[in-house]
Structures are given as C-alpha cells and as structure tokens.
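Visitor: Sequence first, then the predicted structure:
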Amino acid sequence: MTVKMRYGRQGLDVELPDDINTQVLHLNPVPQLTDPDKQLAQGLQDPIGTPPLAELAAGRSNGCIVISDITRPVPNELLVAPLLAILESAGLGREDILILVATGLHREATEAEVVAMLGREIAANYRVESHQARDRASQVDLGTTPGGIPVLIDRRYVEADLRILVSLIEPHLFAGYSGGRKAICPGLAATDTILGFHSPRIIEDAAAITGNIGTNPADAEAWHVARLAGGADFTVNCTLNEQRELTGIFCGHLAEAPFAAMAQAEHQSKIALDEPVDITITSNAGYPLDLTFYQAIKAATGGAQITRRGGTIIICQENAEGIGNEEYTELMLSVDDPHEYVEYALATGENHIDQWALHQLEKVLRQRKIYNYSTGIPPAQQHQLFVEPIDSVEAGIERALTEHGPNATVAVIPEGPYVMPCLASDRVGMMNVPQMKEECYALYQW
C-alpha cells in the first residue's frame, strides 16, 4: 500500500507492507466552502456575539489587524481584503490601518513572506509590520495573570482604537487549539510573557494537551492574558481541510467565534482509537510547518497520544531551513541528556527561550522512541536532537516491525498535527468542544 505523506512542498510516497495491521488516519471528510467570499461577507455582516464589523468600525480613529506569520497556512489575502474595505468605508485612511504579524518569538516576516501571505496589492499599499517580542520598550506592561505570568503586549495592538484578530483554528499541541486568544499570547507578547506561557509548570501539566480546553493551564493563561490586553473588538477565524481548502469561517466575539471554529476543527480532525498502537507513522504536515525541526514536536506529541508506552513514532519532515532559530538550535545542540535537563528545570523553575519545545520532546522520549526521516538535517546532527535518523520511512518501518513483531499495530497520519488522534477513553476522546466550553465559562471571565 502506498500512502502519500505531507513532506515539504511535494509530499512523500511511502510504501507500507500489505501484511501489517495498519490504520490510516485522515481528517474527517468535511466539504469545502463553495463560496468563501460570500461566507465571509455574511460573517462580517451577521457575526457571532458582536455587532457587524462596519458598525464597530464607525468613528474609530485607527485600526490594527493581526495575522499569523508564514508558519500558519492562513488564507490571509482572502480574509483580510474585505476587512480593509470595511475599515476604509468607515472612514479610516490606509495610513490609519496597521497589519501586524503576530510572530511571537519567531523571526520577523520577510518582504517575500508578506507578499505570499497577503498578496502584492495589500503588501504594496498598507503598512505591514512584525511584532518584536525581544524589544521590551515596544510592549505595554499590563500586570500579571492569576498564574503569575507577567503580561507585556505589543503597544501597537494595545493602543489601537479598533483591534481585529485573524487566525486559523486547529488542534494545538499543548494549548488545546490554536488561534483566537493565542494571536495575543504568545503572538503579540513580550519574551517574559511568552516564557511564562511556555513555563516548565505548564508544559509538564498532564492537562496541557491537544484538544483539551477548560482544565488546560495553557488555555487558561492565554485567556487571562487576552483579557488583560483588552481582548479584541472582532475576530475572523477559519478552519481548513486536508487540501488546505476553507471549511469554515467564523466571525465575531473573541470567545464565541473561536469556540464555534474549535467545534468545527474538532469535528473534522478528531480521530478516537479504542486502543493505542505499537507504531505511529506521521508527518509534520509539509510546507510551511516542516521548514524547521523546531515545529516537529507537534508531530511527536500528536503521535504520542495514540502510541503505547514502549512504542515507536516515525516522523518524516523535510526541514529545508534546518533546526530552527538561533536560540533553539543552540539549546538543542548544547544539551547532552534531555531528561536531566528537564528534571533540573522542573526542580528550579529555570526557563529559557524555546526550552518548552525540548521539554515537549523529552516528555515523548520518556516512554517512546522516535525515528526521524529528514533530508534537511544531517544524520549526525539528528542524533544531537535526540531522534534516531533513518534513511527512509520504509527503513524505519522495517526496523520498528523487527522490534515490535510482525503483529504490531500501526497508525499512519499523513497530515501529521492537522489530525487530532486520541484514545476514546481519554478526556479529549470522551468530551467535545461544546461541553468543554461550558467549563471554560465557569473558569474564565470574558
């Protein structure tokens, strides 16, 4: 059997033995939007939980539209262009509108990436700037969350008269779901805030997992930061299918619209298995997510949810840009024993930029082995990243079957972290977003 895995821009054909016990986990079939422009126009006119955007924009002196960076495949040009038209119709000049790229601690968006994200016309005619988390002077100190995280948020967003968030809602490896409130934290947060959001305490928590909200400390802290930052006047949230076609557009209130999108994301991505498998073969969703090894933890943690203790996870990821940013690369290559490192961090609370990703990887490696196929990182360097390099996915499968036996159970996830695998007996398997949403309302203030 041949399965095409998401890998770089072109994909990767993987040959699976016909005589093994294999399940291929795809996104649940959800029809793409036949007329996304019309769907968006309806959402802007009749949003969830707020007045229409045109009404909200009337009389405002300036506006800030927040978008994700290039690592998220958001159809920004389609989503942002109507927002700009509405803001201009409400009386805002182009000089009064800022499109702010929520980079978190990622690098600044390049000119080419701005064009790729927004199209040439928007890129050429509007101010597009990137958040700078390390520039503390450009942040506003807004206090501290109940969990003790200092809240410093981009001044351009905090002081904007009209604030709009545009994001993709999908499963997130430790915050439950991406987008919405996460556009603010970590998207527009200062280094200290991001470190608090990625602290050892939060990463280690068993409730900080994909698909879980309500009892998830990362989800809670993101909401608390968003509230202290003044929330947002309007949000545009989308969901995508396996071909990255739009399956939903949800406009409106900072909580209500993203919750509607989360329910859609759950509907199309959650796959519950009755029993864990011995071997999971997964991708890191191809370009742009698999540009660097830094994002690979999403594939590893997703696979870990359905791989038994002692099992094997096989990841394929191109990593055309190598390991990741300078801090992450330096951290990974400086650590000899990830388990000792995380033990020390948990005991002392010590925290560094991108340490959370090493911590997540270490959690998987405590109980599972990771084989890794990458054409972008030399095998010797992959060893330094605590994964076992393989010459091909097929070679990894053969090796894993030798270890686990010919009757080993195998799950294949071609889309990697865009699919949300879980066990039917787990909280995420037993509950759905609407049920968890009620818990969120009991815990958080909007």
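Guide: Received the coordinates, thanks.
Visitor: Show the contacting residues for Lys363.
Guide: 203-204, 301, 304, 342 (CB atoms under 8 Å, 6 or more residues apart in numbering). (Glycine included, C-beta is placed from N, CA and C.)
Visitor: element containing it?
Guide: Counting by DSSP states H and E, the element that carries Lys363 is helix 355-365.
Visitor: Name every strand pairing with the helix or strand sitting right after that helix along the chain and say which way it goes.
Guide: Note on helix 355-365: by DSSP H and E, the next helix or strand toward the C-terminus is strand 369-373. Sheet pairing of strand 369-373 (DSSP bridges) gives strand 307-316 (parallel), strand 388-389 (parallel).
Visitor: Any buried residues in the helix or strand that strand 369-373 is followed by, and which?
Guide: Downstream of strand 369-373, the next assigned helix or strand under DSSP H and E is helix 379-384. Under the neighbour-count criterion of 16 or more other CB atoms under 10 Å, helix 379-384 has 381-382 buried.
Visitor: what's helix 379-384 packed up against?
Guide: With contacts defined as 3 or more CB pairs under 8 Å, 6 or more residues apart in numbering; DSSP states H and E, helix 379-384 has these neighbours: helix 326-334, strand 388-389.
Visitor: of those, which approaches Asp19 most closely?
Guide: strand 388-389 (24.6 Å; CB to CB).
Visitor: model confidence over the closest one, on average?
Guide: For strand 388-389, the mean pLDDT works out to 98.
Visitor: Please save the CA atoms from the helix holding Lys363 in PDB.
Guide: Provided in PDB are the C-alpha atoms of helix 355-365 (Å, rounded to 0.1, in the frame of the first residue of the first chain):
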ATOM      1  CA  GLN A 355      13.000  25.300  26.200                       C
ATOM      2  CA  TRP A 356       9.400  24.300  26.000                       C
ATOM      3  CA  ALA A 357      10.000  22.500  22.700                       C
ATOM      4  CA  LEU A 358      12.800  20.400  24.200                       C
ATOM      5  CA  HIS A 359      10.600  19.700  27.200                       C
ATOM      6  CA  GLN A 360       7.700  18.500  25.000                       C
ATOM      7  CA  LEU A 361      10.100  16.300  23.100                       C
ATOM      8  CA  GLU A 362      11.600  14.900  26.300                       C
ATOM      9  CA  LYS A 363       8.100  14.000  27.600                       C
ATOM     10  CA  VAL A 364       7.500  11.900  24.500                       C
ATOM     11  CA  LEU A 365      11.000  10.300  24.800                       C
END
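Visitor: now it and strand 369-373, what's the angle there?
Guide: With axes from the mean of the first three to the mean of the last three CA atoms, to 10 degrees applied, the angle from helix 355-365 to strand 369-373 works out at 120 degrees.
Visitor: how far is helix 355-365 from where the chain is centred?
Guide: 16 Å (CA atoms, centre = their mean, to the nearest Å).
Visitor: buried set for it?
Guide: 355-365.
Visitor: Mind putting those into CSV with pLDDT and distance to Ala263?
Guide: Output for the buried residues of helix 355-365, formatted as CSV (pLDDT from 0 to 100; distance: CB to CB, whole Å):
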residue, pLDDT, distance to Ala263
Gln355, 95, 33
Trp356, 96, 27
Ala357, 95, 28
Leu358, 97, 32
His359, 97, 29
Gln360, 97, 26
Leu361, 97, 30
Glu362, 98, 32
Lys363, 97, 28
Val364, 98, 28
Leu365, 98, 33
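Visitor: and the end-to-end length of stretch 3-21?
Guide: In stretch 3-21, first residue to last residue: 15 Å (CA to CA, to the nearest Å).
Visitor: which parts of it are buried?
Guide: Per 16+ other CB under 10 Å, stretch 3-21 contains these buried residues: 3, 5-8, 12, 14, 16.
Visitor: cool, and stretch 297-312?
Guide: Buried residues in stretch 297-312 (16+ other CB under 10 Å): 297-308, 311-312.
Visitor: Pull the distance from that stretch to the chain's centre.
Guide: Its chain's average C-alpha position is 17 Å from that of stretch 297-312, according to CA atoms, centre = their mean.
Visitor: Check the average confidence over that stretch, would you?
Guide: What stretch 297-312 shows for mean pLDDT is 96.
Visitor: Over to stretch 215-230?
Guide: When pLDDT is averaged over stretch 215-230, the result is 96.
Visitor: Need the winner for burial among the helices and strands packed on helix 379-384.
Guide: For the helices and strands packed on helix 379-384, the largest average neighbour count (mean count of other CB atoms under 10 Å) is found in strand 388-389, namely a mean of 17.
Visitor: Determine the set of other helices and strands touching whichever helix or strand comes after that strand.
Guide: Remark: after strand 388-389, the chain's next helix or strand is helix 393-404, criterion DSSP H and E. For helix 393-404, the elements it packs on are strand 12-15, strand 277-283, strand 307-316, strand 369-373, judged by 3+ CB pairs under 8 Å, 6+ apart.
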